[in-house]
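Asker: no FASTA, just this:
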């Protein structure tokens, strides 16, 4: 049976791989039979790229059981183990925390097999870090002395440049191409994983090796521990190795190292490093006791419980007599009725002023993103660390929780699947994505998934922006200059990056989305991005990577001022094919998607529906944030003049929201985030003064007590 075929059922593949893993676990005959049948390369390793995360986890678990099997020493077996470890390293950046946890478990067994080699690898990595720190300090001292010296020494400057180029090299000469060092660096990197369970597992494995590193006396020079790329039987741990004492000291216990830099060559009669024994109280172990696993997960037990369920029975969500099915039907009808009433209200009052403040509260810290819940009277406010769910009808806080790791600060947040079971997706300035389930319930909220969007480095000058295609389950993340990172949340895999073909930072992005099943499916594959130079590009994701840009907008916009794109918008079910762009110079441009010409701009005019004016300049300069309504022909503009201006798309100014005069008047600070309700005629704003406000219509009787 070809287990690696994508046409097979994922549950069948999971069951087959887990049966194979249990068959060769601690069974040498079955293991070598699978090696002779070439099962590992042709079936198991290929499943590491399977679209379903459960199948990838099963493949990682099977490879971990292969590494856990004890057998006689042989070069063939060791070469297979090294090949398995190198393939497991490719899964360290998987989008599923379930896969990453099993990778740590599998690598822990690899560490258990080659314990002495990993102790030497840890020493080499630590000494390399100390060496780079000393070189960095010496460069700083040389730069200061070179800047203060009256005469310019060319040889000295060349030496400094050579030292800098050596430091900027990606890997040291000693650690390049060494599988043990690469595995150790991967485990050290997983200590900073965004998921807490992955961090805890990797910390246990790292601490297991680091607590056995001997202290090196810094007063004496020592020789470097050489690590060969070829393994030897002496490097493997003996069956009597003390593995079960991992829980003696926790991974958070302080570890102090004393290192000294020494040369890679050693004289014949030279003294080696002076090692001080690192003694600790260890529980007695039986000499014939087999070593236990370093770490483990509950994935095998979860699979057994899943396979025990009948496959032909209907789930509760599809059983018409179940309570869950009835609740979902009631919820869908309630959402449809609310959308119908909101559409009817927009047709009557969609052109009125927004000047009634229906909610106002001061947040504890500066918010970065505010937005509405589509079907509940809630707004979510995201600051550096926390996410607050506020009820603007009752003027109370529903829930407040820590939405991202304290190592980074949150930058953007969006709702996933809001019409059924909503999830909150947050990204921080380290490109780490956190997805929370039941985030409105203080009792049942939990972290559904977390991953690092990209590990290539974050450009601090580019804003972190999240956009989600609901019907394709694709998540788009910015943070780099030349590309947009794309992830599929259903498969939890990274898709090929979208190449922007420019050196300009990306400042705004939106996805062609539809809200009804009968809308055009072609809009799901289009993405619009705006850049710092005022140019907008339309990407067709169905095309190959080098030809995804199908149209460009804004190349003729006047660039005498700063014309960075502040926001781009496409209305759902875009029947009239109009693209809305807002620029920092205060210009609003409406583009015809079919003609690639500007409908409303400062220089060019192409008549569209409702004869628009030739120029629509909402502010003179320094436009900071803009929000467009999905269905009403209005937009809100915020700048640093302490006010919000409401315009319609035909160039008519509806009203200004400014601070009230007088001692008791509510001040309106400079806006940093604006958002319209997806269906209703409401606006939420967050300012630099940490004040969050919700505005509605003056004639709304529900909020008459605020006026």
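Answerer: That came in fine, so what should we check first? This is a predicted model, so every value here is computed, not measured. Numbers count the residues shown, from 1 in each chain.

Asker: is residue 567 bridged to anything, and to what?
Answerer: residue 582 (DSSP bridges).

Asker: so how far is residue 447 from it?
Answerer: Look at residue 567 and residue 447: by CB to CB, to the nearest Å, they are 30 Å apart. Placement of C-beta: from N, CA and C, glycine included.

Asker: same drill for those two, tell me which one is more crowded.
Answerer: Between residue 567 and residue 447, residue 567 has the larger neighbour count (other CB atoms under 10 Å), namely 22 against 16.

Asker: spit out the contact partners of the more buried one.
Answerer: Residues near residue 567 by CB atoms under 8 Å, 6 or more residues apart in numbering: 508, 530, 581-582, 625-628.

Asker: could you redo the last one with a cut-off of 10 Å?
Answerer: Each residue near residue 567 by CB atoms under 10 Å, 6 or more residues apart in numbering is listed here: 507-510, 530, 580-583, 588, 623, 625-628, 635, 637, 674.

Asker: one more: residue 450?
Answerer: 95, 97, 100, 193-198, 404-405, 426, 432-436.

Asker: leaving out the residues flanking it, which one is nearest to it?
Answerer: If the residues on either side of it in the chain are set aside, residue 450 comes closest to residue 194, at 4.1 Å by CB to CB, 6 or more residues apart in numbering.

Asker: does the one you found sit in a helix, a strand or a coil?
Answerer: Three-state assignment for residue 194 (DSSP: H, G, I helix; E, B strand; the rest coil): coil.

Asker: quick one: buried ones out of the contacts of residue 450?
Answerer: Neighbour counting over the contacts of residue 450 (16 or more other CB atoms under 10 Å) leaves 95, 97, 100, 193-195, 197-198, 404-405, 426, 432-436 as the buried ones.

Asker: show me those residues that map onto strands.
Answerer: If you go by DSSP state E, those have 426, 432-436 in strands.

Asker: can you give me the distance of residue 585 to residue 645?
Answerer: From residue 585 to residue 645 the distance is 15 Å (CB to CB).

Asker: so where do the helices sit in the protein?
Answerer: Here the chain has its helices, by DSSP state H, at 10-24, 28-36, 39, 53-68, 75-89, 97-113, 115-148, 154-167, 179-190, 196-210, 299-307, 323-349.

Asker: indicate which one of those helices is closest to residue 538.
Answerer: Closest of these to residue 538 is helix 323-349, at 27.5 Å (criterion: CB to CB).

Asker: state the mean pLDDT of the closest one.
Answerer: Across helix 323-349, the average pLDDT comes to 85.

Asker: same thing with stretch 551-565?
Answerer: Stretch 551-565 comes out at a mean pLDDT of 68.

Asker: go on, stretch 50-64?
Answerer: Per-residue pLDDT values over stretch 50-64 give a mean of 92.

Asker: chain center to that stretch, what's the gap?
Answerer: Relative to its chain's centre, stretch 50-64 lies at 21 Å (CA atoms, centre = their mean, to the nearest Å).

Asker: buried residues, it. List them.
Answerer: For stretch 50-64, the buried set under the neighbour-count rule, 16+ other CB under 10 Å, comprises 50, 52-64.

Asker: how about stretch 631-651?
Answerer: Residues 631-639, 642-649, 651 are the ones in stretch 631-651 that count as buried (16+ other CB under 10 Å).

Asker: by mean pLDDT, point me to the weakest helix or strand of this structure.
Answerer: Every helix and strand in the chain was compared by mean pLDDT, DSSP states H and E; the lowest is strand 275-276, with a mean of 41.

Asker: all strands for the stretch 501-650 of the chain, in order.
Answerer: For the stretch 501-650 of the chain, strands defined by DSSP state E, counting those that start in this stretch occupy the ranges 506-511, 526-531, 536-540, 549-553, 565-569, 578-583, 588-592, 597-600, 623-628, 634-639, 643-648.

Asker: got TSV for the ones you listed, with distance to residue 204 too?
Answerer: Below are the strands of the stretch 501-650 of the chain laid out as TSV (distance: least, CB to CB, whole Å):
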stretch	distance to residue 204
strand 506-511	39
strand 526-531	41
strand 536-540	43
strand 549-553	47
strand 565-569	46
strand 578-583	50
strand 588-592	55
strand 597-600	59
strand 623-628	45
strand 634-639	49
strand 643-648	52
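
Asker: least confident of those strands, on average?
Answerer: Of all these, the minimum mean pLDDT falls on strand 597-600 (a mean of 47).

Asker: closest to residue 472 out of the helices of the chain?
Answerer: Proximity to residue 472 (CB to CB) singles out helix 53-68 among the helices of the chain, at 17.5 Å.

Asker: and the buried residues of stretch 50-64, which two are furthest apart?
Answerer: The span of these, defined through CB to CB, is set by 52 and 64 at 18.5 Å.

Asker: so which elements touch the longest strand anywhere in the chain?
Answerer: The residue-count maximum for a strand in the chain (DSSP E) belongs to strand 354-362. If you count contacts as 3 or more CB pairs under 10 Å, 6 or more residues apart in numbering; DSSP states H and E, strand 354-362 packs onto strand 386-391, strand 643-648, strand 653-658, strand 683-687, strand 691-697.

Asker: quick one: mean pLDDT over that strand.
Answerer: In this model, strand 354-362 has an average pLDDT of 85.

Asker: that strand pairs with which strands?
Answerer: Take DSSP bridges as the rule and strand 354-362 pairs in its sheet with strand 691-697 (antiparallel).

Asker: just the angle for the strand it pairs with relative to strand 683-687, thanks.
Answerer: When axes from the mean of the first three to the mean of the last three CA atoms, to 10 degrees is applied, the directions of strand 691-697 and strand 683-687 differ by 160 degrees.

Asker: tell me the centre residue of this structure?
Answerer: residue 433 (2.9 Å; CA atoms, centre = their mean).

Asker: okay, and the beta partners of that residue?
Answerer: Residue 433 has these beta-bridge partners by DSSP bridges: residue 427, residue 451.

Asker: residues in contact with it?
Answerer: 95, 194, 404, 425-427, 449-453, 464, 466, 475, 477, 485, 487, 489.

Asker: and what of residue 327?
Answerer: Residue 327 is in contact with 316-317, counting by CB under 10 Å, 6+ apart.

Asker: do residue 420 as well
Answerer: Going by CB under 10 Å, 6+ apart, residue 420 touches 317, 328, 331-332, 335.

Asker: repeat that for residue 346.
Answerer: Residues counted as contacts of residue 346 (CB under 10 Å, 6+ apart) are 629-634, 679-681.

Asker: ok, it to residue 417 distance?
Answerer: For residue 346, the distance to residue 417 - CB to CB - is 24 Å.

Asker: repeat that for residue 508.
Answerer: For residue 508, the distance to residue 417 (CB to CB) stands at 24 Å.

Asker: of these two, which one has the most company?
Answerer: A count of neighbours by other CB under 10 Å puts residue 508 above the other of residue 508 and residue 417, at 24 against 13.

Asker: look up how far residue 90 lies from that one.
Answerer: In this view, residue 508 and residue 90 are 34 Å apart by CB to CB.

Asker: same check on residue 53?
Answerer: From residue 53 across to residue 90, the span is 15 Å (CB to CB).
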